[in-house]
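[1] Would you be able to build a 3D model of this:
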Amino acid sequence: MSGSVTYEVDGDVAVVTLRRPEKLNALSPQMVDDLQRIWQRFADGDARAAVLTSEGERSFCAGIDLGDVTHDMWRCVPGLSVDLDKPVVAAVSGHCIGAGWVLAQYSDLIVATETARFVYPEGRVGAFGGLASGIVARVPQKVAAEFLMLGEPIPAARAYDVGMINAVVAPGEHVTRAMDWARKLAASAPLVIRTAKALVNQHVGQAAVEQHVRTARLLGRVSSSEDLQEGLAAFRERREPHFRGR
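    The predicted structure follows:
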């Protein structure tokens, strides 16, 4: 890990922290790589729930670092590059912009401070990854259109009123509340929590772009597999291939 993202375990709860406050925790290519590895570690580990937060209260995540652009940020989104059947609680304070909103949106629950501001300014930047369109299945259609198209900030209180987030707390209390919820989730019956998460996500549905990402991920596993290289080598060498399923 680069140090710009950390992974710690507190009992049955994993704490994932974006640590790049000098850049408002904007996502660099290295951070995307680190987060993908961290979600795999969480999926494979013993922790039963996770809290996703950031260093400092000025910014949860200012989106993609436009000075060091990553073109596949979907890899760091909870549940996309790595299948997660365990819950993730996002603890948000300050700016939550663009790809930062995507990270929060794909968490199962969101706690935000009164100072949090949510904005999707891609229309003014000229870029659109598409994953934020999942908001259409989560809030009223007109609110989703306003958020995605106008690019104006939505304060925490209104975000709560329209169902974008689950709770609004005083500054400095977002991680405490998120940890409290994560511990309750970790202490609950794992099979029930996994099933509830699966059913909630099933009823929310998947945006077309999300389906595309999941398909690309599956196809990518095949195109980069050892079995493909073995199959091509066997064809060239006129022999039977020895596939190993990886």
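
[2] low-scoring pLDDT stretches of the chain, where are they?
    Screening the chain residue by residue with the criterion pLDDT under 70, one finds the ranges 1-2, 203-223, 235.

[3] switch the cut-off to 90
    By pLDDT under 90, the low-scoring segments of the chain are 1-3, 56-57, 66-74, 80-81, 121-138, 199-246.

[4] What segments of it are strands?
    Taking DSSP state E as the criterion, the chain contains strands spanning 5-10, 13-18, 49-54, 59-61, 88-92, 95-97, 109-113, 117-119, 154-155, 167-169.

[5] Kindly reformat the ones you listed as TSV containing mean neighbour count and distance to D227.
    For the C-beta atoms, the positions are set from N, CA and C on the backbone; glycine is no exception. Formatted as TSV, the entries for the strands of the chain read as follows, by neighbours: other CB atoms under 10 Å; distance: least, CB to CB, whole Å:
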stretch	mean neighbour count	distance to D227
strand 5-10	16	31
strand 13-18	22	32
strand 49-54	28	32
strand 59-61	28	37
strand 88-92	29	32
strand 95-97	27	41
strand 109-113	26	39
strand 117-119	21	43
strand 154-155	20	47
strand 167-169	20	47
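
[6] possible to save these as JSON lines with distance to G79?
    Below are those laid out as JSON lines (distance: least, CB to CB, whole Å):
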{"stretch": "strand 5-10", "distance to G79": "17"}
{"stretch": "strand 13-18", "distance to G79": "13"}
{"stretch": "strand 49-54", "distance to G79": "11"}
{"stretch": "strand 59-61", "distance to G79": "17"}
{"stretch": "strand 88-92", "distance to G79": "8"}
{"stretch": "strand 95-97", "distance to G79": "18"}
{"stretch": "strand 109-113", "distance to G79": "13"}
{"stretch": "strand 117-119", "distance to G79": "20"}
{"stretch": "strand 154-155", "distance to G79": "23"}
{"stretch": "strand 167-169", "distance to G79": "21"}
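
[7] Near V136, how many other residues are there?
    For V136, the number of neighbouring residues by other CB atoms under 10 Å comes to 17.

[8] ditto for V200
    As a burial measure, V200 scores 11 neighbours (other CB under 10 Å).

[9] what are the ranges of the helices in the protein?
    29-44, 99-105, 122-125, 141-145, 156-161, 174-187, 190-204, 208-223, 226-237 (DSSP state H).

[10] Highest mean neighbour count out of these?
    Scoring the helices of the chain by mean neighbour count under mean count of other CB atoms under 10 Å gives helix 99-105 as the most buried, with a mean of 26.

[11] what's near enough to touch A144?
    S133, I135, V136, R138 (CB atoms under 8 Å, 6 or more residues apart in numbering).

[12] Kindly report the same for G129.
    If a contact means CB under 8 Å, 6+ apart, then G129 has M73, W74, A99, V102, E122, V209 as its contacts.

[13] L27 is in contact with the first one, correct?
    It stands for M73. Yes: applying CB atoms under 8 Å as the test, M73 and L27 come out as touching, 5.9 Å apart.

[14] Thanks a lot, see you next time.
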